[in-house]
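take this sequence and fold it.
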Amino acid sequence: MIKEEKKALRRFLLLYAGSLVLFLGIIGSGYYRFHSVQIFKAEQREMRLMMASASRSLMKKGEAPSEEIEWALLDRNGRMISGTFDLPKDSYEAVPPLHDNQEYFATNDRHIYYIVWFAHRLQFLVVRKPINTEAFESLIINLVLIWGGAFIFFMVIAAFLTVMFLKPLRDTIELLDRFIKDTTHEMTTPISAILMSAEGFDRDALNERDKRRLGRIDVAARTLQTVYDDLAFMVNPKTKRAPQEIDLARLIRERIEFFEPLGRIKQIEYKVEISDPVPLIADQREFTRILDNLLSNAVKYNRQGGAVRVIVSGNMLAVEDDGNGIAVENRKKIFERFTRLDDAQGGFGLGLSIVKELCARNSLTVRVAESKVTRFEIEWQKVKKG
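Residues are numbered from 1 along each chain as shown. Predicted coordinates for the structure are as follows:
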């Protein structure tokens with residue numbers, strides 16, 4: 001599974017999981033409320049039986065209710081007359097005026113109280129029982145198990161369907177990768193032959209018209225070489241080699257010499273400033289790709305008669321050009337694969353995504369600097385001595 005496919009799958013599953021949690025949360029809340037009401041109704045039924053037994057004992061037999069029943073008899077002002085427990089104040093002070101045959105249930109954190117008003121005796125009869133915590137704990141456990149099982153089930157189904165629906169896309173991408181790989185393989189020999197042939201001409205023996213023609217051939221071949229290198233890296237990134245100290249001055253000079261014919265068409269001037277560079281340890285082949293892509297973009301998006309400046313200072317390398325700059329809102333977007341801000345310049349939108357990937361592989365930081373011109377900065381860690 002390629003990087004973009006994993007990213008799309010991850011985003012979809014996160015969105016799906018969030019929606020599923022919300023949906024199951026609503027269902028679970030309704031489930032809990034319904035069954036907690038059923039538990040409370042069962043408690044009420046049991047307490048009505050307790051109240052009936054206590055009432056018969058007090059009103060007919062004139063004896064105390066069964067020892068299994070906790071009861072209390074209060075006067076109309078809520079004062080204790082007799083009973084087996086002291087009624088907490090918060091259980092009866094909020095009791096509304098009751099009339100004959102009316103009932104009232106109250107709860108605190110440990111008990112349920114059932115209160116009945118006997119109008120002919122002007123008294124309250126109260127029975128209580130402990131809250132059935134086991135029933136609520138069992139309800140919560142069942143809810144968690146059902147919720148968790150449903151979440152896992154639906155997530156597995158979602159993952160399976162997502163992978164199944166992505167398969168045609170994956171097959172298409174693999175077919176495209178094979179096509180690009182075969183194409184780049186076939187491009188190697190022609191590009192090398194064109195470059196070698198262009199370099200083999202005796203330019204002093206050519207007239208100005210032929211020199212211009214040869215220059216255009218050279219520029220086209222070098223442009224193809226840059227595109228080829230990007231495509232080759234995209235479909236078949238080579239294994240990272242052991243890092244080594246890079247001679248920045250020599251490497252910059254070599255790459256500018258390579259891109260000089262490209263800049264000649266737009267009359268671009270190359271300027272190099274190197275002062276007190278900190279040693280750079282990286283894979284030289286990969287750092288060359290980074291530098292090539294930055295130089296290629298600096299030439300491509302530069303203005304006619306502009307300049308490309310390569311600046312090395314301390315542990316930072318900057319490539320500047322006199323183009324139109326990059327808007328703040330696009331400074332992160334440009335590092336995404338296939339992103340092109342200027343369709344008129346063509347290209348595949350791969351260069352800067354490759355720069356970002358290779359920088360990450362070599363522990364380098366790449367950013368677009370706050371500047372009036374277009375400026376990319378590469379920064380590396382200082383090598384600790386000793």
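
quick one: Trp117 is in a helix?
No - secondary structure of Trp117 (DSSP: H, G, I helix; E, B strand; the rest coil): strand, not part of a helix.

any weak-confidence spans in the stretch 51-200 of the chain?
Low-confidence segments of the stretch 51-200 of the chain (pLDDT under 70): 60-62, 87-101, 109, 119-121, 180, 184-185.

try it again at 50.
Counting by pLDDT under 50, the stretch 51-200 of the chain has low-confidence residues at 91-95.

show me where it has helices.
Shown for the stretch 51-200 of the chain, the helices assigned by DSSP state H, counting those that start in this stretch span residues 89-92, 133-200.

can I get these in a markdown table including distance to Lys6?
Bear in mind the C-beta positions are built from the backbone N, C-alpha and C, glycine included. Compiled in a markdown table, these are given as follows (distance: least, Cβ to Cβ, whole Å):
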| stretch | distance to Lys6 |
| --- | --- |
| helix 89-92 | 57 |
| helix 133-200 | 10 |
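
which stretch among these comes nearest Leu251?
helix 133-200 (19.3 Å; Cβ to Cβ).

elements contacting that closest one?
helix 3-56, helix 208-235 (3 or more Cβ pairs under 8 Å, 6 or more residues apart in numbering; DSSP states H and E).

so which of those is the most packed in?
Sort the helices and strands packed on helix 133-200 by mean neighbour count, taking mean count of other Cβ atoms under 10 Å, and helix 208-235 sits at the top with a mean of 16.

now that one against helix 133-200, angle please.
Inter-element angle recorded for helix 208-235 and helix 133-200: 150 degrees (by axes from the mean of the first three to the mean of the last three Cα atoms, to 10 degrees).

show me what the mean pLDDT comes to for helix 208-235.
Taken as a whole, helix 208-235 has a mean pLDDT of 75.

I'd like the next helix or strand past it.
strand 244-246 (DSSP states H and E).

in that following strand, what counts as buried?
For strand 244-246, burial by neighbour count (16 or more other Cβ atoms under 10 Å) applies to Ile246.

centre of the chain versus it, how much separation?
Relative to its chain's centre, strand 244-246 lies at 35 Å (Cα atoms, centre = their mean, to the nearest Å).

residues contacting the next helix or strand after it, please?
Using DSSP H and E, the helix or strand that follows strand 244-246 in sequence is helix 248-265. Contact partners of helix 248-265, identified using Cβ atoms under 8 Å, 6 or more residues apart in numbering, comprise 215, 218-219, 222-223, 269-270, 272, 274, 277, 280, 284, 287-288, 291-292, 295-296, 299, 302, 308, 310, 312, 317.

just those: which are in helices?
215, 218-219, 222-223, 284, 287-288, 291-292, 295-296, 299 (DSSP state H).

nearest to Phe124 among these?
So of those, ranked by how close each gets to Phe124 (Cβ to Cβ), first place is Phe287, at 88.7 Å.

and the closest one, how many residues sit next to it?
A total of 24 residues lie near Phe287 under the criterion other Cβ atoms under 10 Å.
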